[in-house]
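Colleague: Return a 3D structure for these sequence lines:
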Amino acid sequence: MISADRRFVLTFNGEIYNHAELRRELDDIHAFPLGGWRGHSDTEVLLQGIVTWGLAETLRRSAGMFAFALWDERNRHLHLVRDRFGEKPLYYGWAGRDLVFGSELKALRAHPQFDAPINRVALRLLAARAYIPAPFSIYEGVFKLPPASVLTIRGDRHVPPLKNAPTEGGAGGVSLEYYWSYLDVIGQALQDPITDETEALDELERVLARAISGQSMADVPVGAFLSGGIDSSTICALYQKYSATPVRTFSIGFEEADYNEAEDAKRVASYLGTVHDERYVTVKEAREIIPLLPRMYDEPFADSSQIPTHLVSRFAREQVTVALTGDGGDELFAGYDRHLMAPRVWRQLRRIPQPFRAALGGPFARLPASLWDNIFRAARRGNSRSVGVKIRKGLRVGASARCFQDVYSSLFDEWGYESSPVLGEENPNPTHKLEMNTPDITCAMYWDAVSYLPDDILAKVDRASMAVGLETRVPFLDHRVAELAARIPLALKIQDGRGKNTLRRLLYGFVPPALVDRPKSGFGVPVGKWIKGPLRPWAEDLLDPSRLRRDGWFNADVVGKRWQQHLTGERDSTAAIWAILMFQSWLTEQQSPLQNVESRHAVGAH
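Modeller: Model (predicted):
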């Protein structure tokens, strides 16, 4: 869309939830477009806001999820912009002499001169974490724009292709600036906490209700995912309270009881009075999704909950076009077990000087895992399988850790303190430092919010839902909700050894505690069992040593050893093996002649 004054051209993906409010503000100061408003879209409001207030001020005023490119015809500048938490993706890089960008890598690959090689650094990160964190992408010289940032490229200067992602600041005609900082939000919140629980709950309901109201406005049918857990139940409860009509909620169930949350969701929905739909899917239906994943995710991605996320999205899309989700609650309210566990571990470790830990732990860490298994078996301490591997890793972490971040980052590396399966590259271990006097739990929540959340959780949901034309929206990630949540102190968020106390207390006003108080479970499927059972032929074909050696990305011996440990039950290596399988599947898809032909017709290269 071109602005009425012809200065700006905008290509836009996403939603500005408060665009009606912004439009009223523009009307109040008589700053409507030349010739009057052409329609009612948020895109036109965004453009006119930029004309009136400038890009920086318009972004400050806007609440939404978005990725967009803005061309300034007067100054000959291109601005690439991403929303505050990274709900919408934006890739950019060079194809020959041309700058290319889009929401999907296939759009960049469609350029005739695109020939970027695979990035081994990114592959090492994928093997460790199951996702590729920003600013890396699977290709060298192609980058993910970080959340809450603006990349400006001067069109009046020759800008050569970048070998590395730009850091904050500018040089050579390219600059990167952040228009919002979650780090600053945390710092300001520590100076202005809400210590009264009643006030915290009232304010949280107010800002969440406003976010849900704005995000549930659409010209198409809207619903919500409901798992029966704290986060999604809170969203659905408030949505139902403030909705003029019954809310449509969706959940899926599985044959495996350990992975089935449908009954919990059904009970919550019945109590809230939503119009609830559930569907039970078979193992066969779930496994049929796997061949679709490489094309759906566009770059290798290995969080196996991608499968049920796609299934519930496909089910919901039969009735609605937009669905609200409960994502973000864990990161804002200390919901992951690791938020509490990792600080406890570090408190014990830091009591022992690191040189002493290294001297003591190092030799024990070199003992074979089987020896530790035998020790536990002799002591009759439950199932001894895999305990040796965990003990060895724990000893190595304890021997080397110099700060809390060393301990926390070790939780995300499936190959930590072992030989990497990726040939020719070691883990660069990108970090997000929190340089202020904050509790370790706050640090853990921050790191998850700026890396794991956008690059794993939000990427998973966005790709899984958009593959079926469903738009998901995340009320917890309205920046006003996040800013309020940061002001709620840990003493209110964590009580009786459990996180998310604030959300629980809010939710208890709508449903009995017994309906939602149960151990936290992930939204997953048993792929670890599947690859040892019905999917074993598929897995072994992708992990064939001769194939791995021919492709040249993985050390066949290292992968083979880990695979055998998984098959025998010596070690649960589901996450590590699944990451390799997802890369191998993606690589096969990229090498397919049909895929190459289809990619030439992809839309989105600029």
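Colleague: Look up the closest residue to His276, ignoring the ones flanking it.
Modeller: Ala269 (3.6 Å; Cβ to Cβ, 6 or more residues apart in numbering). From N, CA and C alone the C-beta is placed, and that goes for glycine too.
Colleague: What's the first helix or strand after the helix or strand where the one you found lies?
Modeller: In this assignment (DSSP states H and E), Ala269 forms part of helix 262-272. Next along the chain after helix 262-272, taking DSSP H and E as the criterion, comes strand 275-281.
Colleague: What lies in contact with whatever helix or strand comes next after that next one?
Modeller: The helix or strand immediately downstream of strand 275-281 is helix 283-287, counting by DSSP H and E. Helix 283-287 is contacted by residues Phe254, Glu255, Glu256, Ile307, Pro308, Leu311, Val525, Trp530, Pro534, Leu535 when judged by Cβ atoms under 8 Å, 6 or more residues apart in numbering.
Colleague: What is the nearest of those residues to Leu349?
Modeller: Taking Cβ to Cβ as the measure, Val525 is the one of the contacts of helix 283-287 closest to Leu349, at 34.8 Å.
Colleague: isn't that closest one right up against Thr309?
Modeller: No - counting by Cβ atoms under 8 Å, Val525 stays clear of Thr309, with 10.2 Å between them.
Colleague: buried residues in stretch 566-577?
Modeller: Across stretch 566-577, burial judged by 16 or more other Cβ atoms under 10 Å covers His566, Leu567, Glu570, Arg571, Ser573, Thr574, Ala575, Ala576, Ile577.
Colleague: That stretch: how far from the chain's middle?
Modeller: 24 Å (Cα atoms, centre = their mean, to the nearest Å).
Colleague: Can you give me the buried ones in the one helix or strand Ala107 maps to?
Modeller: Assigned by DSSP H and E, Ala107 belongs to helix 105-109. Neighbour-count burial for helix 105-109, with 16+ other Cβ under 10 Å as criterion, is recorded at Leu105, Lys106, Ala107, Leu108, Arg109.
Colleague: Now do Thr167: how many residues are near it, please.
Modeller: Neighbours of Thr167 under the rule other Cβ atoms under 10 Å: 10.
Colleague: cool, Ala209 as well?
Modeller: Ala209 has 15 nearby residues by other Cβ under 10 Å.
Colleague: can the buried residues of helix 105-109 go into TSV with extra columns for distance to Asp72?
Modeller: Listed next are these as TSV, based on distance: Cβ to Cβ, whole Å:
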residue	distance to Asp72
Leu105	26
Lys106	28
Ala107	22
Leu108	23
Arg109	28
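Colleague: residues in contact with the closest residue to Ala130 other than its chain neighbours?
Modeller: Spatial nearest neighbour of Ala130, chain neighbours left out: Ala302 (4.0 Å); criterion: Cβ to Cβ, 6+ apart. For Ala302, the contacting residues are Leu126, Ala130, Tyr131, Ala575, Trp578, Ala579, Leu581, Met582, Phe583, by Cβ under 8 Å, 6+ apart.
Colleague: and the fourth one, that one's in a helix?
Modeller: Yes - Ala575 forms part of a helix when assessed by DSSP: H, G, I helix; E, B strand; the rest coil.
Colleague: show me the contacts for the nearest residue to it once chain neighbours are set aside.
Modeller: Computed as Cβ to Cβ, 6+ apart, the closest residue to Ala575 that is not its neighbour in sequence is Glu414, at 5.2 Å. By Cβ under 8 Å, 6+ apart, Glu414 lies in contact with Ala127, Ala128, Arg129, Ala130, Ser573, Ala575, Ala576, Ala579.
Colleague: again, 10 Å this time
Modeller: 127-130, 302, 421, 562, 573-580 (Cβ atoms under 10 Å, 6 or more residues apart in numbering).
Colleague: how about those residues, which pair is most distant?
Modeller: Top of the distance list for the contacts of Glu414 (Cβ to Cβ): Arg129 and Arg562, 15.9 Å.
Colleague: that older thread, from the contacts of Ala302, pick the one nearest Glu57.
Modeller: Tyr131 (33.4 Å).
Colleague: Show me how the record splits this protein into domains.
Modeller: 184-335+460-516, 528-599 (automatic domain parsing).
Colleague: Please identify the deepest-packed of those domains.
Modeller: Using mean count of other Cβ atoms under 10 Å, the stretch among the domains of the chain with the greatest mean number of neighbours is domain 184-335+460-516 (a mean of 20).
Colleague: how distant is that one from the center of its chain?
Modeller: So, by Cα atoms, centre = their mean, the centroid of domain 184-335+460-516 is 14 Å from its chain's centroid.
Colleague: before we move on, back to that, for the buried residues of stretch 566-577, which one is nearest Leu70?
Modeller: Ala575 (39.0 Å).
Colleague: so how far is stretch 542-561 off the chain centroid?
Modeller: 29 Å.
Colleague: can you tell me the average pLDDT over that stretch?
Modeller: Average pLDDT, stretch 542-561: 96.
Colleague: Could you dump the buried residues of helix 105-109 into CSV with pLDDT and distance to Ala200 added?
Modeller: What follows is the buried residues of helix 105-109, written out as CSV (pLDDT from 0 to 100; distance: Cβ to Cβ, whole Å):
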residue, pLDDT, distance to Ala200
Leu105, 95, 42
Lys106, 93, 45
Ala107, 94, 43
Leu108, 96, 45
Arg109, 95, 48
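Colleague: Now do the same contact list for the residue lying closest to Leu226 once chain neighbours are set aside.
Modeller: Counting by Cβ to Cβ, 6+ apart, Thr249 is the residue found nearest to Leu226 once chain neighbours are left out, at 4.1 Å. Counting by Cβ under 10 Å, 6+ apart, Thr249 makes contact with 223-227, 232-233, 235-236, 239-240, 265-266, 268-269, 272, 274-278, 316, 323-324.
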